[in-house]
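Chemist: Let's see this in three dimensions:
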Amino acid sequence: AVVAALGGLGAWDGVHFLQIARDGYIYEHSFAFFPLYPLLVRAVSWPLLLVLSPEPALLLAGVAISNAAFIAAAVCLYLAGIEVLRSRSTALQAALLFCCGPAAIFMSAVYTESV
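Modeler: Down below sits the predicted model:
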């Protein structure tokens, strides 16, 4: 059920990040991917492995990490906007546009963009 619901978020480069998190760097082309994100995915997936098989546990961990980092980035943008723009409403608008923009889907995917 997890893979059916969130599988699209683990496509393209996400496949490589999940493979690295599961098996480590076993293929030469995997070295193009920095190890921080796969290490985080592997660490967060450990408790999930108690109730899920490896594929859904890693996928769920990756989506959770990406979304947590995305929310943190939006909060940081809001706080920076308050300091720079001196307007809470404009800072809020900027943060909301960041969250609702067309590229926001990539912040929820199993990619490093949000981290």
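Chemist: burial count for Leu97?
Modeler: Look at Leu97: counted by other CB atoms under 10 Å, it has 11 neighbours. C-beta: built from backbone N, CA, C; applies to glycine.
Chemist: residues of the longest helix seen in the chain that come out buried?
Modeler: In the chain, taking DSSP state H as the definition, the longest helix is helix 54-85. Within helix 54-85, the residues that count as buried by 16 or more other CB atoms under 10 Å are 56-66, 69-70, 73-74, 77-78, 81-82.
Chemist: okay, the spatially most central residue of the chain: pLDDT?
Modeler: The centroid of the chain falls nearest to Ser66 when counting by CA atoms, centre = their mean (1.7 Å). Ser66 carries a pLDDT value of 96.
Chemist: one step back: output the contacting helices and strands for the longest helix of the chain.
Modeler: Using 3 or more CB pairs under 8 Å, 6 or more residues apart in numbering; DSSP states H and E as the contact test, the elements touching helix 54-85 are helix 2-6, helix 13-23, helix 36-48, helix 88-100, helix 104-108.
Chemist: JSON lines for these, including mean pLDDT and distance to Ser114?
Modeler: Below are the helices and strands packed on helix 54-85 laid out as JSON lines (pLDDT from 0 to 100; distance: least, CB to CB, whole Å):
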{"stretch": "helix 2-6", "mean pLDDT": "78", "distance to Ser114": "15"}
{"stretch": "helix 13-23", "mean pLDDT": "91", "distance to Ser114": "12"}
{"stretch": "helix 36-48", "mean pLDDT": "95", "distance to Ser114": "9"}
{"stretch": "helix 88-100", "mean pLDDT": "96", "distance to Ser114": "11"}
{"stretch": "helix 104-108", "mean pLDDT": "91", "distance to Ser114": "4"}
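Chemist: Any chance of JSON lines for those, columns distance to Ser30?
Modeler: Formatted as JSON lines, the helices and strands packed on helix 54-85 follow (distance: least, CB to CB, whole Å):
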{"stretch": "helix 2-6", "distance to Ser30": "21"}
{"stretch": "helix 13-23", "distance to Ser30": "5"}
{"stretch": "helix 36-48", "distance to Ser30": "9"}
{"stretch": "helix 88-100", "distance to Ser30": "31"}
{"stretch": "helix 104-108", "distance to Ser30": "20"}
